[in-house]
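Peer 1: One predicted model, sequence on top.
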Amino acid sequence: MARGAAKCLFFLYSSKNRNFFTVRNLFSGCLLHFSHPSKSSPCNFPEIPTQLQLPPLHFTTFRKFGIFAEFHRHWFCSLAENDKPVLDSTESVQNEDECNKFDEEERISKPETEILGPEEERLNFAQTANRDPVEIYKELKDTPKGEKQSRSDWDTLTEILRCFSKSGWASNQALAVYIGASFFPTAAHKFGKFFLKKCNTDLVKYLVSLGPGDGADKFLFPIFVEYCMEEFPDEIKRFRKMVESADMTKPHTWFPFARVMKRKIVYHCGPTNSGKTYNALQRFMEAKKGVYCSPLRLLAMEVFDKVNALGVYCSLLTGQEKKDFPFSNHVACTVEMVSTDELYDVAVIDEIQMMADPGRGYAWTRALLGLKADEIHLCGDPSVLNLVRQICADTGDELEELHYERFKPLVVEAKTLLGDLKNVRSGDCIVAFSRREIFEVKLAIEKYTKHRCCVIYGALPPETRRHQASLFNNQDNEFDVLVASDAVGMGLNLNIRRIVFYNLSKYNGDKMVPVPASQVKQIAGRAGRRGSRYPDGLTTTLHLEDLDYLIECLKKPFDDVKKVGLFPFFEQVELFAGQLPDMKFSKLLEKFGENCRLDGIYFLCQHLHIRKIANMLEKVQGLSLEDRFNFCFAPVNIRDPKAMYHLLRFASSYAQELPVNIAMGMPKCAARNDSELLDLETRHQVLSMYLWLSNHFEEERFPFVKKAETMATDIAQLLGESLVKACWKPESRNAGKSKPQEKEDGYQRPMSIIKLREKKRQENSQNAQQLEKAPA
Ligand SMILES: Nc1ncnc2c1ncn2[C@@H]1O[C@H](COP(=O)(O)OP(=O)(O)OP(=O)(O)O)[C@@H](O)[C@H]1O
């Protein structure tokens, strides 16, 4: 870009008539452009000599430009010689220079015949700038052939049009008139050819005075739009249809029945352990008909048990299980499973802040927008309160806000565990953020202290987690320490006296990052629950170095969330697919993500996970679009090749209309090492997936549901037994791959007690050897 401008300056200056005014205008236009590089502009400005950053030149000083140009002639020349338009390899336009040369020689005048004075020129420019673009376009269209231009003007104009075709701003603006980003370069290129062929001197002089960049882009854009409307009506229509079919604006209008209801939303807003869920559940149980929406299967099970124990008949509905209680009018379900067709008196949506979850947020948004309930109780921290207010304004629902405080303040223990797991005490929960660390900690504690540990982490089935929780809560056994991942932050009622953070960084799939403050609060808040054995909660860290970050997180107010998640229904994807009939499903999802329109407070939930499954299933023939869409939501760990293999197998059988087999044996005994434990986890996940599929597809195609249920229960049991006995070194599911801990510079996993001991032992033996060697 700087090169192009420099080239233009040089040509202008060196042209015979030395049109100073034009040069000055171009020069100041360049200055303006250089000093305000816009982010959206695809042009990256190279380093330019400081001389170019002069203040705008005045005519008197401009005469000196001759000297300046002499000095910098070499620079201009070298740039001009080297200047070749750089075309993006992805761009559809090719050989731009050649295309622009259609009648170049013919259109370049020798000496200019008429030289306008500066005042006249200024007036001309003002007139041109104010002209109606429609009129300009008409004039261009009706002109058989444009006027002759000087070589320098021609070159500048070519550069201006080249910049226009690369302008991010123009490409963005073009979307508004349904010219897609992928079509824009072609359209802009054709427009450039058209313009070069037809333009008159006034237009050229004015554009040259603006120079390549923002000003010229803005002047050309409406003319370009007129041109496109006439030249590319089919492309515009097609893109418009595609965009309209990916329109996700005004999501509250997707639920017309909920919109005609007069709903009352009650936001129970506060930190953990403040009684939010308790109060919401009171209303749920009082109602004639109620639904409780849970973030986890585990929590749905807890509520199901609790409510039934209190004499209110309640059913359970999760992706994997349906337990219909006869005569029940209440249901505890996972939020993805809640029906927006059923009418309820009271609905509870727990952990409403998860609307902002990058992957699952859409399920909470859907529940809030779509539930047909007279009263909807939202429980959560204050981070989404402002957005809920906005959404209620859109839906017309009444909003009541109830603010809560923690029953008893959480106390931070400044002493920490001084880096030594020997300092754990009964009632402690050590929180680590990877499976490997969890087992290392368990191993160390059990080896070097008298405590026994229960473990809870995400890959364990809910039944096993509950079993471990009850083992820990029960005082009549030796299991008095819990080692858990962030999975402990939600859903379980645990008798935790103190939460100890083993570390405060976790792997985010790419690198180690600090655990977000909101998550630290949620986990720390599990200590000292009302009604538990330890009503006064304590929290601390293993290492003194981590303590400041813990305190900082706990002190930090909740950040206001700016956007919440959305995801299209199948019908929307189907409509979109209609515009791109030959596109593969995974590509279709990607295209949808690129082209969908959203209102400011919504984002499209991450669909990488879904696309990965879609990609794998591309090779399965005979699945309908709807089948593919549904298979993509199956609960599978996409990083576990065994689990992915089974999903592929299930989908293939389903596509061939064969009964879907489990085709997986049952282990005979509990795990004896970590790889057997991992295998049990995978087997349970596969069975869970089978059950999920049987609930989401025609059930008769999955004839082994009962068997899968029995196997899943047995494996959960084996997992429980294995965990009680587990005393081995953990393995990684991705053995052989680089350890996440090594990825982030400066991050070091805290040394486990074992390593510390080993280090000490080595030091001691070295000292002993030295003593032996030393002369008496
Ligand atoms: N009024 C009450 N009477 C008896 N127990 C209560 C009362 N309020 C809350 N509790 C108990 O206190 C504990 C914490 O309450 P609750 O689960 O409602 O808190 P919360 O704010 O929803 O916390 P979290 O977000 O961590 O779930 C629960 O065990 C609950 O049963």
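Peer 2: That came through, no problem.
Peer 1: Okay, residue 625 and the ligand: tell me how far apart.
Peer 2: 39 Å (CB to the nearest ligand atom, to the nearest Å). Heads up, the C-betas are built off the backbone N, CA and C, glycines and all.
Peer 1: do the same with residue 152
Peer 2: As judged by CB to the nearest ligand atom, residue 152 and the ligand stand 71 Å apart.
Peer 1: Can you give me the neighbour number for that residue?
Peer 2: Residue 152 has 25 neighbouring residues, counting by other CB atoms under 10 Å.
Peer 1: What pLDDT is listed against it?
Peer 2: Model confidence at residue 152, given as pLDDT, is 90.
Peer 1: Likewise for residue 187?
Peer 2: pLDDT, residue 187: 95.
Peer 1: contacting residues for it?
Peer 2: Applying CB atoms under 8 Å, 6 or more residues apart in numbering to residue 187 gives the contacts 174, 179, 224, 228, 231-232, 235.
Peer 1: Next up, identify which helix or strand it is on.
Peer 2: Secondary structure assignment for residue 187, by DSSP states H and E: helix 184-198.
Peer 1: so after that helix, what's the next helix or strand?
Peer 2: Moving toward the C-terminus from helix 184-198, the next helix or strand (DSSP H and E) is helix 201-210.
Peer 1: Direction-wise, compare that next one with helix 184-198 and give the angle.
Peer 2: Interaxial angle of helix 201-210 relative to helix 184-198 (axes from the mean of the first three to the mean of the last three CA atoms, to 10 degrees): 130 degrees.
Peer 1: which other helices and strands contact the next helix or strand after helix 201-210?
Peer 2: Sequence-wise, the next helix or strand downstream of helix 201-210 (DSSP H and E) is helix 214-231. Other elements packing on helix 214-231 under the criterion 3 or more CB pairs under 8 Å, 6 or more residues apart in numbering; DSSP states H and E are helix 20-35, helix 133-142, helix 151-166, helix 168-176, helix 184-198, helix 201-210.
Peer 1: Deepest in the core, which of the ones you listed is it.
Peer 2: Across the helices and strands packed on helix 214-231, the average number of neighbours (mean count of other CB atoms under 10 Å) peaks for helix 151-166, which reaches a mean of 24.
Peer 1: separation between the nearest residue to residue 617 once chain neighbours are set aside and the ligand?
Peer 2: The shortest distance from residue 617 to any non-neighbouring residue, by CB to CB, 6 or more residues apart in numbering, is to residue 651 (5.4 Å). Look at residue 651 and the ligand: by CB to the nearest ligand atom, they are 37 Å apart.
Peer 1: Enumerate every residue touching residue 651.
Peer 2: 617, 620, 623, 627, 631.
Peer 1: Alpha carbons of the top helix by length along the chain, as CSV, please.
Peer 2: The longest helix of the chain (DSSP state H) is helix 674-696. In CSV, the C-alpha atoms belonging to helix 674-696 read as follows (Å, rounded to 0.1, in the frame of the first residue of the first chain):
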residue,chain,number,x,y,z
ASP,A,674,-4.6,-47.4,35.9
SER,A,675,-5.0,-48.6,32.3
GLU,A,676,-7.7,-51.0,33.5
LEU,A,677,-9.4,-48.2,35.3
LEU,A,678,-9.3,-46.0,32.2
ASP,A,679,-10.8,-48.9,30.2
LEU,A,680,-13.6,-49.2,32.7
GLU,A,681,-14.3,-45.5,32.4
THR,A,682,-14.4,-45.7,28.6
ARG,A,683,-16.7,-48.8,28.7
HIS,A,684,-19.1,-46.9,30.9
GLN,A,685,-19.0,-43.9,28.6
VAL,A,686,-19.8,-46.1,25.6
LEU,A,687,-22.7,-47.7,27.4
SER,A,688,-23.9,-44.3,28.5
MET,A,689,-23.7,-43.2,24.8
TYR,A,690,-25.7,-46.3,23.8
LEU,A,691,-28.4,-45.4,26.3
TRP,A,692,-28.4,-41.8,25.1
LEU,A,693,-28.9,-42.8,21.5
SER,A,694,-31.7,-45.2,22.4
ASN,A,695,-33.5,-42.2,24.0
HIS,A,696,-32.9,-39.9,21.0
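Peer 1: Kind regards, and thank you for your time.
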